[in-house]
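Peer 1: got a predicted structure here, sequence first:
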Amino acid sequence: MMTYCIFDKMNNCMKIFVLPFFLLCLIMANFGKVSAQVNSDSLVTTPKQSLGSFPKSLSFSNGSIQVNGFYRFFATYQKQNMAYPLSSAVGDTVLPRWLFIGDDSQLPNLLLNVSGRLPGGSSWGFDLRMFQFLNGTIGSSYGKQVADSLRPDVQYPRGGLQLGGNLGTMLGVNLYGNFNTKKGQWAVKIGGIQWVSISDLTMGAFRGYNRFMLFERNPWDPVGKGVTSRYQQYFDQGSIDQDARWGNRAFQGLVVEGNALPHNLSCLALIGKTELNGGFSTTPDFSYGGKIKKSGNSKNFISLNTINRFSYADSLARESYGLNVITTEFQYAIRNYTIKGEVGAGNYFSPVHKEGWGEQFQIKASSSETSRFGVFEIHAFRISPKIVNNNAVYWNTAVTEFTVNSIPAGSIGSSAVLQPFGSSMVRVGQMTNNRQGLNLNYQLVKKKVKISAGIGSSAEIKPAAAVITVGNPINQFTRSRFWRWTFPAGIGPYNRYSHLYRDVFQTVKLSDDSSGVVVNKKFFNSMEMQLKYKYELFGRECYLFALLQANSASAKWSPITIFNEKAYVRQYASEAEAYFRINSMVMISIYGGLERTLGNYLTEINEETRRPLNQTGKGIGLGCDIDLGRNARLYVRHRWYDFRDTSFALDHFNGHEMVVELKAFF
Amino acid sequence: MMKKSNTIYKALYTVALLFIFQMCFAQQEAKKVTFNGAARAQFFGDRYKLNAAEEDTITNAKLNSGNTLVDLGINIRPHSNMEIQGLVRIRNDYGGFWGAGVSFDVRQLYVKGVAGGIVRYQLGDINYKLTKYTLWNNNQEIISNTPAIFQQQTDVVNYDHFYSNDNSWRQQGASAEMGLVFSKYVKELNFYGVATRVKTSDFGQTNDRIFSGLSIQMLQSKYASIGWTATNTFDIEGTSRQNSTFHQPVVTMNANFKIPFSSFQNSIDIEAGKSGWFYKNLDAAPNLKGQFLDAELLSRHKATGIFGSVQLKYITSEFRSTGAQTKRTNYDAVPVAYQRITNNQDLRQITMLDLMRESSLYNMQLQTKLMAFSPQYDNITPYGDATPNRQATIIKLGYNKAGSPLNIESLIYTGSEVKGEGTKTFRTFRRSDTRAQLDLSEFRNDTTRVAEVSVSYRNDKTTRAGTEAIPSVDLNTQVWSIGADYEWSKNWHVLAGMQMISYNGFDFKNVRDQYGNIYNFTEMKTDGEEKMWALGIKHTFSTRSFLSIQYYNFELKQNTTDGQNYNFGQWMLLFQIKF
């Protein structure tokens, strides 16, 4: 009660005090000098105030921010002369004409890489991508708001409803830290996507032997310094500049790298998600791995590598599935020869896979690049069918992988990310599991002529599914554009094609099984030859490139490609292209390609013609490169294409296509 | 709603475009556009184990999650007296590839400046603070003074919710401030005004609701200052079909006097005021009128660093202050991680681990009613200094001297209710709280590297004598923690910490109606213990960035019939950059 009394008195005092206080303030205001005592944060210094808006001053680091990236306009116009069936559904055919602005791959029209660096060794970065399809939908903006619950699926990020519509990121957000210790130099990367490789048999992407054609550009290709630089570099080095993803795998999570460690050691450790682990489920689904490498003299080294995947088949995280791979890799140079190899073992486990560990190795022996007789390389490999590692350079062609749900691969929500391709006819050097083989490569470098050739022979370790998968190298990209946005399987007029990123392959069924049981192992042969020739015509550079391929799959071993009907499937492809500089700004290009794919009578027979595959693909192209100034180029390509299977009448398309690309780096 | 969302996204694109253009011109006009912000990567790996006779066969025991984000702030100064700050958040959820799982958002946008060299103004997002009884964002309980290792996750939550050390509330609106400077009698006269929108009309039954504040602070000299502050949370009549309007005014006077005496620094802080809480045109709603008085005498001995204070508080049960009583923690929310556990899939109760890391438990809107609180965690000051229905004496004693390795402070709170709840008998409150920090770096002859140990202990006791019909109240809470931060090598820290809360006893929980009136009580019998320990390594790249990896172990034991008993193990990786 006493407190109440005190309070009441105080309250009355307040009433008495407030009015005079206001009056006092008003009187004093007349005598005072008006000023902004509390200034804007970063504008003027301000005395410390305990009231008002906070913070009183913003803090800025003395770090730096950089922006770089590229702009890319890409348009294709297709004129189809045939109503080629996209699937077996009635009326589902290609349209007679199709104008498409933009790229249905992940590559946007504008990509900005924004990064900031702070003193002390830490930095951050993210990218911003913008798509523009010029489809006539004009509004206040290109996109619209999308609820979080409707975010696109991780397997189909460009599909469905998108955040920001045409605005987004491609690689996301990354944070980097570098520090030195007495024991070495360390780098930490967190976030993603990061581009990482460990070794060929653990985590990495196939680099090949740089035998490809330049007529059609990849979305990520650079423009080079001059109008001839792209072709000159390919002639000189056998490759063109590739971006960070070349040979690496996309990874999200934590990566730690240690270099200059004691005893010439270096290391790499990673934990997070590869694309195979992608998704937002909070149930653990991750990969981890790394390497410890000891370097010796020259380029010699030995390393211990591992990659492991750990996922759960059930929502309670009780039943696990995944893989373990461990290898040792080495390189040893002696005189003019280098031996590089990798040996290890792997294990794929799931509630339905309990095959245990299997072996894998590859070994490459090569001669010196300085030899006047050219460079030889012998490549031998063996990958057990028990190993399923889609992070590695080899493909899974043997094991049907465990899937959490039964949604078919390629469909939204499917957990079947990478289904087996079947026994694939592959390029020289490309490995698959359930296979062992030998490849011989040769390269001769002269001033005006470069020759690169390869021959390979491989065999299944145990009979796999009675199918062979084979791609069509001529008009490969044109054909892949028939199906945009999605990657469906079992499409085309006879449901035998499957769509991949910038490729299409067909599945050829075999009939030499025994009541459904595959009894014959398959043997594969491939031969490749690339010729590069440079000369000057009227004082201007001219480049000629040619690529010849001959591949076969059969039931018997052969040292070279089989050119008769003993092969289940034979494929021959010849491509040639020429580039000629008109002046400092313009370069013209010409392309021609011919392909034959033939099956024997142990493959699928058409019911009407009673004949197996008999495919012919043709392509003729004309184009030009126009220099638009520093780091900017316009590329125009026109291609006449034709594909026909005389045995399967519906498998026939014909038309022409124009591709226009404007690309500028900054 | 859709319109609002579209507006937000338009703003996003505008800021993004501004960003691009400004990037282009940044070289030419470097001083006009600067960048600031933060980047963060955070990943969790959780493991749950139920400690019960029956195994939990329904709950997923292991969870992983994480995200990486950049808050890119663009600070644009069109001229020397204006500043525009836009902050875009780009967030990439763990598991998203090729743009899936990425979200863009505008996190902050404001313009501020000085008009005519006289009035400082700010429009848009504002962090604002007045006095402890008018507009003050009180720290959340339990985890605000924890060892350094626990602070990392708390700091992330606080950053995301704009909770700063300055105790300001994030608001959306406008503010204006100005001052007068005098040559004699009075040094300064400062004026602060703010108006923010707390709620928007739905054009049906909800009016636009505004929070407004005005403060005049007169600095007579360095020895005396006096001020007047008034806030009002009110509905704008006519902005919907609802005829009744809400009003919640608070008016306070404050004064500060500094009285040097010999080698003692003495100061007196006083704040007193009154509040109202009422609806116009709604007879069913109560009309609450409250008052408060808060006076503190602080004395500090300059030579020895010993200080002490005596504080008297009197706050009536009807005192209401929207700006000062709104809590950060929303105890009506449920944790997102492991939301349901056991084979019955019971809702999981909030624990101190959740308070430390769960964004979903935190509130950013000013609330006009007293929010729910957890008596186990804080039954004495659940609404901070402005907790209603309290009269108390608070005695503090401490030691803090520059250059001294030891820093210690103790507090004894002795108080009671002003009005009984459900009975004429008052609850009485006792709190003893001691915190100490010891800097060991001097003992190893290297003060450039951190070596700190911190210890704290708090004991809360609530009692009330019972009657034949009403059981007595006796609720005890003990919180203790110990932590260490040891920099064993340059920029490399080992962090360790442990915190424990134990609570037991009985109390009644208030049940309030839609207007905040108590109309019933529920019995609350509690007997439990929460233990959390953590161990981690941190590398600091600079004062603005660090990388940390930590392991936490949390255990909840409850001995009541509906109690939950479980363990959590948690790995956390945190990389934080401020630029």
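Peer 2: Received, thanks.
Peer 1: when you work out contacts or count neighbours from here on, use the C-alpha atoms and nothing else.
Peer 2: Will do.
Peer 1: so is the residue in the stretch 251-400 of chain A positioned nearest to chain B in a helix, a strand, or just coil?
Peer 2: Using CA to the nearest CA, the closest approach of the stretch 251-400 of chain A to chain B is made by A:Leu316 at 4.1 Å. Secondary structure of A:Leu316, reduced to three states by DSSP: H, G, I helix; E, B strand; the rest coil: coil.
Peer 1: what's the neighbour count on it?
Peer 2: Around A:Leu316 there are 15 other residues, counting by other CA atoms under 10 Å in any protein chain shown.
Peer 1: ok, the nearest residue to it once chain neighbours are set aside - contacts?
Peer 2: In space, and not counting its chain neighbours, A:Leu316 is closest to B:Asn60: 4.1 Å by CA to CA, 6 or more residues apart in numbering or on different chains. If a contact means CA atoms under 8 Å, 6 or more residues apart in numbering or on different chains, then B:Asn60 has A:283, A:315-317 as its contacts.
Peer 1: out of the residues you listed, which comes closest to B:Val473?
Peer 2: Proximity of the contacts of B:Asn60 to B:Val473, judged by CA to CA, is greatest for A:Leu316, which lies at 42.6 Å.
Peer 1: do I have it right that the closest one meets B:Thr59?
Peer 2: Yes: contact criterion CA atoms under 8 Å: A:Leu316 and B:Thr59 qualify, at 6.2 Å.
Peer 1: picking that back up, angles on the backbone of the residue of the stretch 251-400 of chain A closest to chain B, please.
Peer 2: The phi and psi torsions at A:Leu316 (degrees, to the nearest 10) take the values phi -90, psi 0.
Peer 1: quick one: contacts for it?
Peer 2: Neighbour list for A:Leu316: A:283, B:57-62 [criterion: CA under 8 Å, 6+ apart].
Peer 1: now do the helices in chain A.
Peer 2: Along chain A, the segments classed as helices by DSSP state H run A:2-31, A:229-237, A:476-480.
Peer 1: mean pLDDT for those helices: which is lowest?
Peer 2: The weakest mean pLDDT among these belongs to helix A:2-31, with a mean of 54.
Peer 1: which residue is nearest the centroid of the chain?
Peer 2: With no chain named, the answer covers chain A. A:Arg245 (6.5 Å; CA atoms, centre = their mean).
Peer 1: wrong one, I was asking about chain B
Peer 2: For chain B, B:Asn139 is the residue whose C-alpha lies nearest the centre (CA atoms, centre = their mean; 3.2 Å).
Peer 1: in stretch A:482-499, what's buried?
Peer 2: Of the residues in stretch A:482-499, those buried by neighbour count under the rule 16 or more other CA atoms under 10 Å in any protein chain shown are A:482-483, A:486-489, A:491-499.
Peer 1: and which of those is nearest to chain B?
Peer 2: If you rank the buried residues of stretch A:482-499 by distance to chain B using CA to the nearest CA, A:Thr486 comes first, at 14.4 Å.
Peer 1: tabulate the CA atom coordinates of stretch A:619-628 in PDB.
Peer 2: In PDB, the C-alpha atoms belonging to stretch A:619-628 read as follows (Å, rounded to 0.1, in the frame of the first residue of the first chain):
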ATOM      1  CA  GLY A 619      24.900 -33.700 -92.700                       C
ATOM      2  CA  ILE A 620      26.200 -30.800 -94.700                       C
ATOM      3  CA  GLY A 621      27.000 -27.400 -93.100                       C
ATOM      4  CA  LEU A 622      28.000 -23.900 -93.900                       C
ATOM      5  CA  GLY A 623      28.700 -21.100 -91.600                       C
ATOM      6  CA  CYS A 624      30.700 -18.100 -90.600                       C
ATOM      7  CA  ASP A 625      32.200 -16.500 -87.500                       C
ATOM      8  CA  ILE A 626      32.100 -12.700 -87.300                       C
ATOM      9  CA  ASP A 627      34.300 -10.700 -85.000                       C
ATOM     10  CA  LEU A 628      32.200  -8.100 -83.000                       C
END
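Peer 1: and the residue of the stretch 501-650 of chain A closest to chain B?
Peer 2: Each residue of the stretch 501-650 of chain A has a distance to chain B, by CA to the nearest CA, and the smallest belongs to A:Tyr501, at 13.5 Å.
Peer 1: quick revisit: and which of the buried residues of stretch A:482-499 is nearest to B:Gln339?
Peer 2: Set against B:Gln339, the nearest of the buried residues of stretch A:482-499 by CA to CA is A:Thr486 (36.3 Å).
Peer 1: tell me which element B:Ala295 is part of?
Peer 2: Taking DSSP states H and E as the definition, B:Ala295 sits inside strand B:288-301.
Peer 1: what pairs with that strand, parallel or antiparallel?
Peer 2: Listed by DSSP bridges, the sheet partners of strand B:288-301 and their directions read strand B:264-280 (antiparallel), strand B:306-315 (antiparallel).
Peer 1: off-centre distance for it?
Peer 2: For strand B:288-301, the distance between its averaged C-alpha position and the chain's averaged C-alpha position is 21 Å (CA atoms, centre = their mean, to the nearest Å).
Peer 1: so what touches it?
Peer 2: If you take CA under 8 Å, 6+ apart as the criterion, strand B:288-301 is touched by A:7, B:263-278, B:306-320.
Peer 1: now do the buried residues in stretch B:418-438.
Peer 2: In stretch B:418-438, counting by 16+ other CA under 10 Å, buried: B:418-419, B:421, B:425-438.
Peer 1: so for it, mean pLDDT?
Peer 2: Across stretch B:418-438, the average pLDDT comes to 95.
Peer 1: what about that stretch, start to end distance?
Peer 2: Across its full length, stretch B:418-438 reaches 39 Å end to end, with CA to CA, to the nearest Å as the criterion.
Peer 1: what's the answer for stretch B:414-430, then?
Peer 2: When the termini of stretch B:414-430 are compared using CA to CA, they are 5 Å apart.
Peer 1: which other residues reach that stretch?
Peer 2: For stretch B:414-430, the external contacting residues (CA under 8 Å, 6+ apart) are B:314-317, B:380, B:389-394, B:412-413, B:431, B:459-465, B:473, B:521.
Peer 1: what's the closest non-adjacent residue to A:Gln380?
Peer 2: Just to correct that, residue A:380 is Ala rather than Gln. Spatial nearest neighbour of A:Ala380, chain neighbours left out: A:Leu438 (4.4 Å); criterion: CA to CA, 6+ apart.
Peer 1: just the helices in the stretch 401-550 of chain B please.
Peer 2: Per DSSP state H, counting those that start in this stretch, the stretch 401-550 of chain B has no helices. Nothing in it meets that criterion.
Peer 1: which parts of it sit against chain A?
Peer 2: With CA under 8 Å from any CA of the partner chain as the criterion, the stretch 401-550 of chain B meets chain A at residues B:541-542, B:545.
Peer 1: now, which of the residues you listed lie within strands?
Peer 2: Helix and strand membership here follows DSSP state E; of these, those in strands are B:541-542, B:545.
Peer 1: buried subset of those?
Peer 2: B:541, B:545.
Peer 1: low-confidence ranges in the chain?
Peer 2: Going with chain A. The model of chain A has pLDDT under 70 over residues A:1-49, A:61, A:105-106, A:137, A:139-166, A:241-243, A:404-421.
Peer 1: let's do chain B instead
Peer 2: Residues of chain B meeting the criterion pLDDT under 70: B:1-31.
Peer 1: remind me, longest strand of chain A?
Peer 2: Of all the segments of type strand in chain A, defined by DSSP E, the longest one is strand A:64-80.
Peer 1: indicate each strand paired with it and its parallel or antiparallel sense.
Peer 2: For strand A:64-80, the paired strands and their directions (DSSP bridges) are strand A:97-101 (antiparallel), strand A:110-117 (antiparallel), strand A:652-665 (antiparallel).
Peer 1: tabulate these (CSV), appending mean neighbour count.
Peer 2: Output for those, formatted as CSV (neighbours: other CA atoms under 10 Å in any protein chain shown):
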stretch, mean neighbour count
strand A:97-101, 15
strand A:110-117, 20
strand A:652-665, 19
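Peer 1: nearest to A:Gly63 among those would be which one?
Peer 2: Go through those one by one with CA to CA and the one that ends up closest to A:Gly63 is strand A:110-117, at 5.4 Å.
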